[in-house]
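>>> Here is a sequence with its predicted model. Questions after.
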Amino acid sequence: MKKKRLTAFLALLISATTFGACMNTDKHTAFSHYWFQDVDLPTDSVETLTYDVSFESGSGLSGYEVDYEGTYVMTLHTDTAEKTFRLETELITNATYSYKGESVTLENDTVTSWAEFALDKSLTPIASHKEIKGYSPVTGSVATVEDCYEEVNYTVDTTYEADGKSGKCVTVNNINETTQTQSFEADEDYTPIDNEYLLLALRGINPSSYVAPTLSVYAPFTAANQLVDVKVGSKEEGTSFTFTRNDEEAKERVINYYPLTLSIQSSMPGQSQTVWVAETGNAKSNNYRNVILQMEIPVSYNLGTLVYKLTSAQFA
């Protein structure tokens, strides 16, 4: 049987989110800058968030097991003179594959990205870059533990026109040296967001104004524009989280949060993903900046779920 690559875990998150206001037929979204202490006062700054990455095993369909551990870092740069944001991310994981009593650990699977977008209420996309280097699970005929994975090495560059509603994406497979170039247009009914700053866009949502949004996002590995629905769940109160904040020591903090569930509009949408976003404390003095406290991202074919937990927040 021919092997099929499972690259969903490398993409980190499927696509995006937009939020249509309650009792409002306009499907576009205005995002608020909740990552600043004062939502209405952007400042030149750098914010760095660090997450521990672990893995919860699933039932699996491939006759083998896989386990991950690693670190994910997001760094947001704000340039008020240029009126732009730049979000940089780095995911580094060690993957252990086990089959019939044999195991092998592959170190430093790496996914890095940067994205530039406007300091406006639409977070208008400008450009993004992504590099994926490492190994990915496969499904199909497996005879040894070495058959459970294969090497992946991709580069993706996306550029947008000035309005952010159309652009060009160049995907390079560095293993077989093939290049795919695609032009695309966002769905006019929805706000366009680049996949590489989806997580920041989630933090810019006001749950009291937007409850069931949809975003237009270009997906390079399917060479198609996707609509992604987000469901804003009910507020969860009184949950404890342990992480460092700025120069403080790590300690337990009780924080209210909203769970956001993401799914693609498709006849075969795959598994949904969940992101926990801290509640806005005070829009003029927002101590926890709508930070993402935890993410749960399923790996394809029921192999399991990647769990990201915040360990350090160096706020702007």
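The structure has been received and is ready for your questions.
>>> Skipping its backbone neighbours, what lies nearest Trp105 in space?
Check again: residue 105 is Thr, not Trp. With sequence-adjacent residues excluded and distances taken as C-beta to C-beta, 6 or more residues apart in numbering, Thr105 is closest to Thr96, at 4.5 Å. From N, CA and C alone the C-beta is placed, and that goes for glycine too.
>>> Break down the protein into its helices, ranges please.
198-203 (DSSP state H).
>>> Name the helix or strand of it that has the lowest mean pLDDT.
When each helix and strand of the chain is scored by mean pLDDT, DSSP states H and E, strand 4-5 comes last, with a mean of 45.
>>> re earlier: okay, now the residue nearest to Thr105: neighbour count?
When neighbours are defined as other C-beta atoms under 10 Å, Thr96 has 16 of them.
>>> wait, it sits on Glu107?
No. Counting by C-beta atoms under 8 Å, Thr96 stays clear of Glu107, with 9.8 Å between them.
>>> With adjacent residues omitted, what lies nearest to Lys231?
Nearest non-adjacent residue to Lys231, counting by C-beta to C-beta, 6+ apart: Thr261, 4.5 Å away.
>>> ok, that neighbour to Glu252 distance?
Thr261 sits 26 Å away from Glu252, going by C-beta to C-beta, to the nearest Å.
>>> Looking at those two now, which is surrounded by more residues?
The neighbour count for Thr261 versus Glu252, taken as other C-beta under 10 Å, is higher for Thr261 (15 against 8).
>>> Pretty sure the more buried one sits against Val277.
No. Between Thr261 and Val277 there is no contact under C-beta under 8 Å: 11.5 Å.
>>> Low-confidence ranges, this structure, go.
Along the chain, the model assigns pLDDT under 70 to residues 1-26, 60-62, 269.
>>> can you do 80?
For the chain, the stretches with pLDDT under 80 are 1-26, 59-63, 139-141, 208-211, 266-270, 300-301.
>>> Fine by me, we can end here.
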